[in-house]
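Student: Provided below for reference: sequence and predicted model.
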Amino acid sequence: MSKSDLLYSDPIAAAVAAADEIAKKTGIAKHDVALVMGSGWVSAVDALGVPAFECNADELTGFLSPAVEGHSGKVRSYEIDAGDKKMRALVFLGRTHLYEGKGIEPVVHGVRTAVKAGCKIIILTNACGGINTAYKVGQPVLIRDHISLTAVSPLSGATFVDLTDLYSKRIREIVKKEDSTLQEGVYVHWRGPTYETPAEILMMRTMGADLVGMSTVPEAIAAHALGAEVLGISLVTNAAAGVTGEKLNHEEVIAAGKAAADRMGSLLKGVIPKLL
């Protein structure tokens, strides 16, 4: 059986295999926290310093090559000074999306691998459209809840998981102490790859949504189901369809992410040592 076949036949076994490979490659038995960097977020991770290790994700069991601009497809390990102790951070520079048509297992493989590598906290970042008209381009927003419009779950069978505190209130409070200007919002998962129509955005706003994007929700559910705490941070990279009347494009998303990289990087650097 190939490494990619294992991902679909036994996804948890694939995650364990990938975690074991990370431990051997890095020489680190367990990592503490993992970050998944969304579109335009890659340069923000530079604030964490020089990585102790880096490899291409597709060198590890179950990982696929990146298919989206703004996702480098690298996996890094960082040592982070947390006062009287050291923390180990596992960073995924990119992700697989549901719209790529490869199924749900590759979408959540990174976070499952991170949990099996010892990570108790998963930080999920993304670029998103702002439905809430009070939001401005370049503004980070903490996800406090979500609405899934994909009808796809990473869980199957009689697996009943409570999602009341999916996006950890404890962690959100820590982050807001670091930056008191941060707001919280409800994120909608849209399958893509088309952007939403103005009518669909109106529907989402009526449902109580503030943000819309094409990632994060399956990963959050998969990580939570395995016992990890989850922090979701969206970067508003454009106004959602119909808000301004302007057309949407991916280049705009990447540019807005790069412009906000310093702020995002400083936020992550300040928060991570306080999470455990």
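Tutor: That came in fine, so what should we check first? Numbering: from 1, shown residues only.

Student: okay, the closest residue to residue 80 other than its chain neighbours: pLDDT?
Tutor: Closest residue to residue 80 apart from its sequence neighbours, by Cβ to Cβ, 6 or more residues apart in numbering: residue 87 at 4.4 Å. Backbone N, C-alpha and C define where each C-beta goes, glycine included. pLDDT recorded at residue 87 is 95.

Student: From the chain's centre, how far out is the helix or strand hosting residue 87? Work that out for me.
Tutor: Taking DSSP states H and E as the criterion, residue 87 maps to strand 86-93. Offset of strand 86-93 from its chain centre (Cα atoms, centre = their mean, to the nearest Å): 13 Å.

Student: quick one: the very next helix or strand once past that strand to strand 86-93, angle?
Tutor: Sequence order places helix 104-116 as the next helix or strand after strand 86-93, per DSSP H and E. Between helix 104-116 and strand 86-93, the angle formed by their directions is 170 degrees, by axes from the mean of the first three to the mean of the last three Cα atoms, to 10 degrees.

Student: C-alpha coordinates for the helix or strand that comes right after helix 104-116, PDB please?
Tutor: The helix or strand immediately downstream of helix 104-116 is strand 121-130, counting by DSSP H and E. Extracted as PDB, the C-alpha positions of strand 121-130 are listed here (Å, rounded to 0.1, in the frame of the first residue of the first chain):
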ATOM      1  CA  ILE A 121      -3.400  23.500  20.500                       C
ATOM      2  CA  ILE A 122      -4.200  24.100  16.800                       C
ATOM      3  CA  ILE A 123      -4.100  27.600  15.300                       C
ATOM      4  CA  LEU A 124      -5.900  27.900  12.000                       C
ATOM      5  CA  THR A 125      -5.500  31.000   9.900                       C
ATOM      6  CA  ASN A 126      -7.200  31.900   6.700                       C
ATOM      7  CA  ALA A 127      -8.000  34.700   4.200                       C
ATOM      8  CA  CYS A 128     -11.700  35.500   4.100                       C
ATOM      9  CA  GLY A 129     -14.300  37.800   2.700                       C
ATOM     10  CA  GLY A 130     -15.900  40.300   5.100                       C
END
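
Student: Counting by contacts, list what strand 121-130 packs against.
Tutor: strand 33-36, helix 104-116, strand 211-213, helix 217-225, strand 229-239, helix 250-259 (3 or more Cβ pairs under 8 Å, 6 or more residues apart in numbering; DSSP states H and E).

Student: how about 7 Å then?
Tutor: Applying 3 or more Cβ pairs under 7 Å, 6 or more residues apart in numbering; DSSP states H and E, we find strand 121-130 packed against strand 33-36, strand 211-213, helix 217-225, strand 229-239.
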